[in-house]
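Student: The sequence isn't on hand, but the structure is:
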């Protein structure tokens, strides 16, 4: 058993800094850690270091559901060094470490101690050494926890089934293409849900149900995450449009001559309420991003981690299954040789098969123990996952719904404050007539030796002056009352008796012979005497009146 070092009890990621220029530019983060031995450490690590430690935890603690780092990237590669994106990544890395150190089966992983304490030089050496220290990795995956010494006698394990069945020389003889196809065959086999594996029917059913549960949970969680992102996008548009509408309300009255105090106050109140609604919506979107969107993304990543752990366990069982089948094939070959009559001729081959079979028995036993360890780890962690995952989701939803209810109540309160002003009828603002009035007119005609006059107006029209039809012709004053023409004929009984207070309209015209149209016979005037000189003038014709504007 590998000696365990001190375990972290608290950690924090803070103070990101950019270093270098151009393609060599990197961002690192300060990690402050407190240990159970009352020690503290301060180191700086990059995002690539976090990725390495996550992968190493998966290798050292196979079967444990290791949290997954967020893979979110900015839309433009150059924005990776923007303050907003760095802040978002810092919070994501901090959440990752918090969950690692609070996991009872991850906090004591050997790789974490160097991650939290090593200097930059020692950290690089530790990563290089960990990659080549296969013995440590094998012991971590074949030795159980101190409280469970069920497999404590095991100190080695062969995880790679191909490496167990074939020597390195045989692997090199395959060539890159054959090795690629071998890997593909294994990948395609693992995608088969009905793959036969060396496991009990109870285990097969249990992990098939867990896989179905994880797939269903992932679908639901991704729908929540993706649809909520669309809701936040709509909220951003609503916040922007609400702000512009508030500004328009505030400017609708108050800057022109026709505005009045009551209307101006109303629209100023509208503008203030809508501007406040815009700002409140913007703040609520920021809250949603930090306390709902990011936590839900972490929950989706946890489901991905569960599926990865299930896949790792299936790969381990598949490797054990292939080794067991290969061992059975060797046993069949030895039985056939024993049953044959030429055992003496095949004695060398028989001893070779017997040696290989003994080797396979050791490897198969180690792989079976490895599968049992991975299976027991995963079974324990799945129970922890189901309780913890739903509890975290409950906490996220509780915080969000409390804040959302408060947001809606404030919005409703502000908009309700406008209802009294909108419901009040202000006479200064609402002085339009309630009914449309029809104008009543009358036509007056008068005749004299100088022509005829027509007047159109209301009953209470002042007869002391007239209004022209033609704006270009100036009218003379109306003659004195002594020279007034006789009154117009009485209105027929069927005429409408309108009120004297009706509005006024007037059209006046007269007919005369001195308006310059006397030469036009078609207009009723005299004929042109110059054109009819050959005819004698027997008598003077009476002038015919033509229309004249007065």
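Tutor: Received it, and whenever you're ready, just let me know what you need. Please read these numbers as outputs of a predicted model, since none were measured by experiment.

Student: quick one, what contacts residue 32?
Tutor: Going by Cβ atoms under 8 Å, 6 or more residues apart in numbering, residue 32 touches 11-12, 14, 40-42. For every residue, glycine as well, the C-beta is placed using N, CA and C.

Student: Show me where the stretch 51-200 of the chain dips below the pLDDT cut-off.
Tutor: 132-175, 179-196 (pLDDT under 70).

Student: ok, longest helix in this protein?
Tutor: Taking DSSP state H as the criterion, the chain has its longest helix at helix 347-416.

Student: elements contacting that one?
Tutor: Packing partners of helix 347-416 (3 or more Cβ pairs under 8 Å, 6 or more residues apart in numbering; DSSP states H and E): helix 161-165, helix 201-252, helix 261-288, helix 294-339.

Student: go again using 6 Å as the cut-off
Tutor: Here helix 347-416 touches helix 261-288, helix 294-339, going by 3 or more Cβ pairs under 6 Å, 6 or more residues apart in numbering; DSSP states H and E.

Student: Mind checking those for the one nearest to residue 446?
Tutor: Checking the helices and strands packed on helix 347-416 against residue 446 by Cβ to Cβ gives helix 261-288 as the closest, at 51.0 Å.

Student: Compute the inter-axis angle for that closest one and helix 294-339.
Tutor: 20 degrees (axes from the mean of the first three to the mean of the last three Cα atoms, to 10 degrees).

Student: Remind me what helix 261-288 packs against, helices and strands.
Tutor: Short answer (3+ Cβ pairs under 6 Å, 6+ apart): helix 261-288 packs on helix 201-252, helix 347-416.

Student: picking up where we left off before, who wins for neighbours among the contacts of residue 32?
Tutor: Using other Cβ atoms under 10 Å as the neighbour test, those are led by residue 11, with 19 neighbours.

Student: what pLDDT does the closest residue to that residue other than its chain neighbours get?
Tutor: Spatial nearest neighbour of residue 11, excluding adjacent residues (Cβ to Cβ, 6 or more residues apart in numbering): residue 33 at 4.5 Å. Looking at residue 33, its pLDDT is 92.

Student: What residues of the helix or strand harbouring residue 33 count as buried?
Tutor: Following DSSP states H and E, the helix or strand that holds residue 33 is strand 26-35. Residues 27-29, 31, 33-35 are the ones in strand 26-35 that count as buried (16 or more other Cβ atoms under 10 Å).

Student: May I have the strands that pair with whatever helix or strand comes next after that strand, each with its orientation?
Tutor: Going down the chain from strand 26-35, the next helix or strand is strand 40-46, by DSSP H and E. Within its sheet, and counting by DSSP bridges, strand 40-46 is paired with strand 26-35 (antiparallel).

Student: Output the lowest mean pLDDT helix or strand found in the protein.
Tutor: Scoring the helices and strands of the chain by mean pLDDT, DSSP states H and E places helix 161-165 at the bottom, with a mean of 39.

Student: quick one, the longest strand along the chain and strand 26-35 angle?
Tutor: In the chain, ranked by residue count with DSSP state E as the criterion, the top strand is strand 8-19. In terms of direction (the same axes, to 10 degrees), strand 8-19 departs from strand 26-35 by 160 degrees.

Student: Which neighbouring elements make contact with the helix or strand containing residue 124?
Tutor: Taking DSSP H and E as the definition, one finds residue 124 inside helix 120-132. Here helix 120-132 touches no other helix or strand, going by 3+ Cβ pairs under 6 Å, 6+ apart.

Student: List the buried residues in it.
Tutor: For helix 120-132, the neighbour count (16+ other Cβ under 10 Å) marks 123, 126-127, 130 as buried.

Student: Residue 330 reaches residue 357, doesn't it?
Tutor: Yes: using Cβ atoms under 6 Å, residue 330 is in contact with residue 357, at 4.7 Å.
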